[in-house]
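[1] Everything below, folded, please.
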Amino acid sequence: MTEKYTTYSAFWPHYLREHARPATRALHFAGTACGLGFLIAAGVMGQAWLVLPAVVSGYAFAWLAHLLIEKNRPATFTYPLWSLISDFRMFFLWLAGRLGPELRKAGLDG
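    From the prediction side, this is the model:
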């Protein structure tokens, strides 16, 4: 990643292009779903320790996807906050069935 992004609106299409393969996005979605599940369980059960597996599962799935499938460096290392926001944005757009148009705007097959 050589270009430096100074606005989130410029970063978002880059983020999507870094997740070009459907298998990469699927692993991201699995990790985000697991992480959210652990966070919900932590709140419902009052078990703060469940926050740790929430974070680990979210990042482990994503980083494995980048290493094994996409073969690129996760944006988390350069843009941690924007990357986290984008993980959730991509997840919820997918859940709502609205990710395709965003992928197409970023130059990918939706």
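[2] What helices and strands are in contact with the single longest helix found in the chain?
    Counting residues, the longest helix found in the chain (DSSP state H) is helix 22-45. Helices and strands in packing contact with helix 22-45 are listed as helix 51-65, helix 80-95; criterion 3 or more CB pairs under 8 Å, 6 or more residues apart in numbering; DSSP states H and E. All C-beta atoms are positioned from the backbone trio N, CA, C, and that covers glycine.
[3] Nearest residue to the spatially most central residue of the chain in space, please, no chain neighbours.
    The geometric centre of the chain, computed from its C-alpha atoms, lies nearest to D87 (CA atoms, centre = their mean), at 2.7 Å. Leaving aside its chain neighbours, D87 sits nearest to T32 (5.8 Å; criterion: CB to CB, 6 or more residues apart in numbering).
[4] Next: A42.
    Leaving aside its chain neighbours, A42 sits nearest to L50 (3.6 Å; criterion: CB to CB, 6+ apart).
[5] can you pull the contacts of the residue nearest to the centre of the chain?
    Listed by CB atoms under 8 Å, 6 or more residues apart in numbering, the contact set of D87 reads H28, T32, G58, A62.
[6] same deal with L108?
    Contacts here follow CB under 8 Å, 6+ apart; on that basis L108 touches L16, R17, A20.
[7] show me what contacts the residue nearest to D87?
    Counting by CB under 8 Å, 6+ apart, T32 has contacts G58, F61, D87, F88, F91.
[8] Tell me the helices and strands packed up against whichever strand or helix holds Y15.
    Taking DSSP states H and E as the definition, one finds Y15 inside helix 8-17. In terms of contacts (3+ CB pairs under 8 Å, 6+ apart), helix 8-17 is packed against helix 80-95, helix 99-105.
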